[in-house]
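Undergrad: Predicted coordinates and the sequence they were generated for:
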Amino acid sequence: MRRAMARRLPLTVVTTPLSSAQARAAVPLADRTTLRLGGPAARFFRATSASDLVDAVRAADADAEPLLLLGGGSNLVISDEGFAGTVVQIATTGRRADPLGDGLVQFTVEAGEDWDDVVAEAVSQGLGGLECLSGVPGLVGATPVQNVGAYGVEISQVLTSVDLLDRRSGRVHQRSADSLGLDYRTSVLKGTDHAVVLRARFQLTAGGQSAPIRYAELARVLGVEQGDRVPVDAARSAVLELRRGKGMVLDAADHDTWSAGSFFTNPVLDDSTLAGVLIRIAERLGSDVAVPAFAAGPGRQKLSAAWLIERAGFTKGHRGPGGRVGLSTKHTLALTNRGGASTLDLLDLAREVRDGVRLAFGVELHPEPVLVGCSL
């Protein structure tokens with residue numbers, strides 16, 4: 001094992017007393033989301049340590065104050081009216097690498113760390129497992145909630161445990177990854193505000209090699225067979241190249257990245273439902289059309305939301321009301337703010353796309369971002 005992998009990276013332990021003077025009023029939230037949309041927070045507090053975060057949440061709960069936990073803002077759609085409560089921005093930092101033996105390393109990271117910075121750190125240390133998740137925006141604390149995944153890798157494959165604040169009891173405890181119900185873009189933590197992720201632990205491999213390359217497109221770019229391993233830095237570079245080509249790496253100058261990433265999840269259908277959908281696809285597109293479908297467990301298949309959106313008539317660059325919002329010019333799964341848009345504009349476009357796919361194929365698309373104060 002390389003010596004650098006065994007060094008301990010200190011976790012943040014400094015605490016700062018929480019006081020009302022630290023909270024700010026009427027803070028715009030649009031500047032804190034990648035969509036650059038959303039109204040103000042009635043009260044805003046930035047938590048820079050786990051203890052500050054716990055204190056802020058407990059204080060809001062004790063006062064029965066509505067609470068919104070804000071990470072990187074990359075998977076969030078906030079209403080134009082904003083949030084009439086306390087917004088706590090998670091800005092905790094700290095990483096630590098601990099060798100476990102047999103070529104394994106436990107990487108412990110605070111919830112407020114930037115995800116891609118963490119991936120870059122792991123790659124620089126020659127640790128394999130996270131490299132295919134390069135370029136994913138957001139913070140570490142959100143990754144187990146969504147079971148974030150990309151290019152053949154999901155958080156569920158590397159996550160071992162998380163530390164949570166249970167808001168019902170006010171206690172902090174550790175939970176294993178196996179107990180989180182991690183599934184396609186979801187977990188028991190998604191859709192509920194009962195728990196707050198404070199830190200996460202990942203089991204990575206030493207030696208500088210990636211996890212097996214499972215995604216066909218990535219394997220082609222790397223010039224290897226699916227299942228092969230490559231140097232971690234090569235895998236990271238290839239993933240970033242692919243994501244940039246789809247407008248999925250944040251760039252303030254590129255409106256294609258003024259988005260919440262993939263707005264709709266890929267629909268997972270049981271075999272009987274899929275049979276009816278395939279009939280409708282054949283009626284619309286012809287019986288010889290190749291429909292991309294992927295196994296998603298016993299009796300279930302996952303379809304490509306982007307493929308359905310495009311075949312329903314929505315092309316890259318399709319504009320919504322007033323031209324202020326539109327599908328990305330590079331990737332039809334991303335709904336983007338073209339400048340001067342409102343959240344209402346974005347939701348109108350989302351409804352247009354969702355309803356168009358349902359009308360064409362009988363498939364209901366569901367939003368991937370968290371919707372705050374608004375709905376489809």
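TA: Looks like it came in fine.

Undergrad: drop to CA atoms for contacts and neighbour counts, all remaining ones
TA: OK.

Undergrad: excluding its backbone neighbours, what's nearest residue 373?
TA: Distances taken as Cα to Cα, 6 or more residues apart in numbering place residue 79 nearest to residue 373, at 5.2 Å, with adjacent residues excluded.

Undergrad: Next, the residues that contact the lengthiest strand in the chain from outside, please.
TA: Assignment by DSSP state E gives strand 195-205 as the longest strand of the chain. Residues outside strand 195-205 that contact it (Cα atoms under 8 Å, 6 or more residues apart in numbering): 50, 103-111, 127-130, 140-142, 158-167, 189.

Undergrad: Out of those, which sit inside strands?
TA: Those of the contacts of strand 195-205 lying in strands (DSSP E): 104-110, 159-166.

Undergrad: Where do the strands of the stretch 201-350 of the chain begin and end?
TA: 259-262, 268-270, 293-295, 300-303, 325-327, 334-337 (DSSP state E, counting those that start in this stretch).

Undergrad: if I pick the residue most central in space within the chain, what's in contact with it?
TA: The centre of the chain sits closest to residue 148, judged by Cα atoms, centre = their mean, with a distance of 5.1 Å. Contacts of residue 148 were listed using Cα under 8 Å, 6+ apart, and they are 154, 155, 185.

Undergrad: Now render these as JSON lines, adding pLDDT.
TA: Formatted as JSON lines, these follow (pLDDT from 0 to 100):
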{"residue": "154", "pLDDT": "97"}
{"residue": "155", "pLDDT": "98"}
{"residue": "185", "pLDDT": "90"}
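
Undergrad: right, and out of the residues you listed, which lies closest to residue 98?
TA: residue 155 (18.9 Å; Cα to Cα).

Undergrad: coming back round to it: could you dump the contacts of residue 148 to CSV with neighbour count?
TA: CSV is the format used below for the contacts of residue 148 (neighbours: other Cα atoms under 10 Å):
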residue, neighbour count
154, 23
155, 23
185, 18
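
Undergrad: Export the residues you listed as a markdown table, with columns for secondary structure and distance to residue 221.
TA: Formatted as a markdown table, those follow (DSSP: H, G, I helix; E, B strand; the rest coil; distance: Cα to Cα, whole Å):
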| residue | secondary structure | distance to residue 221 |
| --- | --- | --- |
| 154 | strand | 20 |
| 155 | helix | 23 |
| 185 | coil | 25 |
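
Undergrad: Which one of those is nearest to residue 307?
TA: residue 185 (18.4 Å).

Undergrad: before we move on, back to that, and the buried ones among the contacts of strand 195-205, selectable in ChimeraX?
TA: Selection of buried members from the contacts of strand 195-205 for ChimeraX, criterion 16 or more other Cα atoms under 10 Å:
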select :50,104,105,106,107,108,109,110,111,127,128,129,130,140,141,142,158,159,160,161,162,163,164,165,166,167,189
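
Undergrad: Residue 110 contacts residue 92, correct?
TA: Yes: using Cα atoms under 8 Å, residue 110 makes contact with residue 92 at a distance of 6.1 Å.

Undergrad: all strands of the stretch 1-150 of the chain, in order?
TA: Under DSSP E, counting those that start in this stretch, the stretch 1-150 of the chain gives strands at 24-28, 40-47, 67-70, 76-78, 83-90, 95-101, 104-110, 149-150.

Undergrad: Show residues contacting the last one.
TA: In other words, strand 149-150. Identification of contacts with strand 149-150 by Cα under 8 Å, 6+ apart yields 132, 133, 155, 185.

Undergrad: try it again with 7 Å
TA: 132, 133, 155 (Cα atoms under 7 Å, 6 or more residues apart in numbering).

Undergrad: Adding distance to residue 262 as columns, could you present those residues in JSON lines?
TA: Shown next, in JSON lines, are those (distance: Cα to Cα, whole Å):
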{"residue": "132", "distance to residue 262": "17"}
{"residue": "133", "distance to residue 262": "14"}
{"residue": "155", "distance to residue 262": "17"}
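
Undergrad: Out of the residues you listed, flag the one nearest to residue 253.
TA: Ranked by distance to residue 253 (Cα to Cα), those are led by residue 133 at 22.9 Å.

Undergrad: how close does that closest one sit to residue 181?
TA: 20 Å (Cα to Cα, to the nearest Å).

Undergrad: Which of these two has more residues huddled nearby?
TA: When residue 133 and residue 181 are compared for neighbours, residue 133 comes out ahead with 23 against 16, by other Cα atoms under 10 Å.

Undergrad: per-residue confidence at the residue lying closest to the more buried one once chain neighbours are set aside?
TA: Excluding the flanking residues, the one nearest residue 133 by Cα to Cα, 6+ apart is residue 150, at 5.7 Å. pLDDT, residue 150: 95.

Undergrad: Tell me what residue 150 is bridged to.
TA: residue 153 (DSSP bridges).

Undergrad: want to try a markdown table for the contacts of residue 148, with distance to residue 247 as columns?
TA: Putting the contacts of residue 148 into a markdown table (distance: Cα to Cα, whole Å) gives the following:
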| residue | distance to residue 247 |
| --- | --- |
| 154 | 21 |
| 155 | 22 |
| 185 | 20 |
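
Undergrad: Nearest to residue 83 among the residues you listed?
TA: For the contacts of residue 148, the nearest to residue 83 is residue 185 (25.0 Å; Cα to Cα).

Undergrad: State which helix of this structure is the longest.
TA: helix 343-361 (DSSP state H).

Undergrad: Pull out the buried residues from stretch 142-150.
TA: 142, 143, 144, 145, 146, 147, 148, 149, 150.

Undergrad: Would you mind giving those residues as TSV with distance to residue 260 added?
TA: Formatted as TSV, these follow (distance: Cα to Cα, whole Å):
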residue	distance to residue 260
142	13
143	14
144	17
145	16
146	13
147	16
148	13
149	15
150	15
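
Undergrad: Which members of these occur in helices, if any?
TA: Using DSSP H, the buried residues of stretch 142-150 in helices are 143, 144, 145, 146.

Undergrad: The second one touches residue 154, doesn't it?
TA: The one in question is residue 144. No: in this structure, residue 144 is not within contact of residue 154 by Cα atoms under 7 Å, at 9.4 Å.
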